[in-house]
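Undergrad: Sequence first, predicted coordinates after that:
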Amino acid sequence: MPYRRINFYQNGYYHVYNRGNRKSNIFRDKGDYIFFLKKVKEFRDKYQIKIIAYCLMPNHFHLLVEQLGENAVSVFMRDLLHDYAVFFNYKYQVVGRLFQGPFKAKEIKSAGYLLHLTRYIHLNPLDIGVAACDLENYQWSSCPEYIGTRLGTIPDYQDVISGIADYREYLLEAVEFRIKDQLKMLAID
């Protein structure tokens, strides 16, 4: 088993993510997304994890978490990925690894980067063709909670965005910058 090069500290923030083996889809229908989020809630409470932001995409997922209990991130992710893989393999009658490998994790060391990461996570649906104006309705993300278009039970984010008057505007600034950056790359000098 590969050695994880990150230590998880109490009250530390972490971006954890993984994708399907061979980049294949890990969520095939609405029931898959619902089961995964149900397990996120279950293990969040069991292992003292605070979910700050999340986004589930067809072939990968992002979670932004705060570790409240000792070794919580590791056991949370172990049980989440195990239970989901068992569910998926049984449902679709497949065998073998569902995920590309062990989950990846990066420690978040600054409040500015923590805030930026929420935006990065919430912009992921743009890569599968979701329009910027529909990000607030993408149901497999915490973005609707941040913007206020859906009441949520998973993310606990108020402390992270307390300095932002309008999260929707904050999010759309990045979309505008991203479009300008793409256009700049296409421009002929």
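TA: Sure thing, it's come through.
Undergrad: Regarding the most centrally placed residue in the chain, what are the backbone dihedral angles?
TA: Residue closest to the mean C-alpha point of the chain, counted by Cα atoms, centre = their mean, is H62 at 2.3 Å. Main-chain torsions, H62, degrees, to the nearest 10: phi -130, psi 130.
Undergrad: Let me know whether it touches H15 as I believe.
TA: Yes: taking Cβ atoms under 8 Å as the definition, H62 is a contact partner of H15 at 6.8 Å. C-betas here are computed from N, CA, C, even on glycine.
Undergrad: which residues are common contacts for these two?
TA: Shared contacts of H62 and H15, defined by Cβ atoms under 8 Å, 6 or more residues apart in numbering, comprise I121.
Undergrad: Show me what stretch 96-114 is in contact with.
TA: Under the contact criterion Cβ under 8 Å, 6+ apart, stretch 96-114 has outside partners 1-2, 4, 6, 8-9, 12-23, 26, 52, 64, 73, 77, 81, 84-85, 88-89, 117, 160.
Undergrad: typo on my end, it should be stretch 131-148
TA: If you take Cβ under 8 Å, 6+ apart as the criterion, stretch 131-148 is touched by 27, 33, 37, 51, 53-57, 118, 121-126, 130, 149-152, 154-155, 157, 161, 167-168, 171-172, 175.
Undergrad: try 7 Å this time
TA: The contact list for stretch 131-148 (Cβ atoms under 7 Å, 6 or more residues apart in numbering) reads 33, 53-56, 118, 122, 125-126, 130, 149-150, 152, 154-155, 157, 161, 167-168, 171-172, 175.
Undergrad: Filter the residues you listed down to the buried ones.
TA: Listed as buried from these are 33, 53-56, 118, 122, 125-126, 130, 154-155, 157, 161, 167, 171-172, 175; burial here means 16 or more other Cβ atoms under 10 Å.
Undergrad: Please flag which of those sit within helices.
TA: With helices defined by DSSP state H, the entries of the buried ones among the contacts of stretch 131-148 inside them are Y33, T118, H122, Y167, L171, L172, V175.
Undergrad: Spit out the contact partners of the last one.
TA: Going by Cβ under 7 Å, 6+ apart, V175 touches L123, A132.
Undergrad: From L126, how far out is it?
TA: According to Cβ to Cβ, to the nearest Å, V175 and L126 sit 7 Å apart.
Undergrad: Could you do the fourth one as well?
TA: Distance of Y167 to L126, computed by Cβ to Cβ: 16 Å.
Undergrad: Lovely, talk soon.
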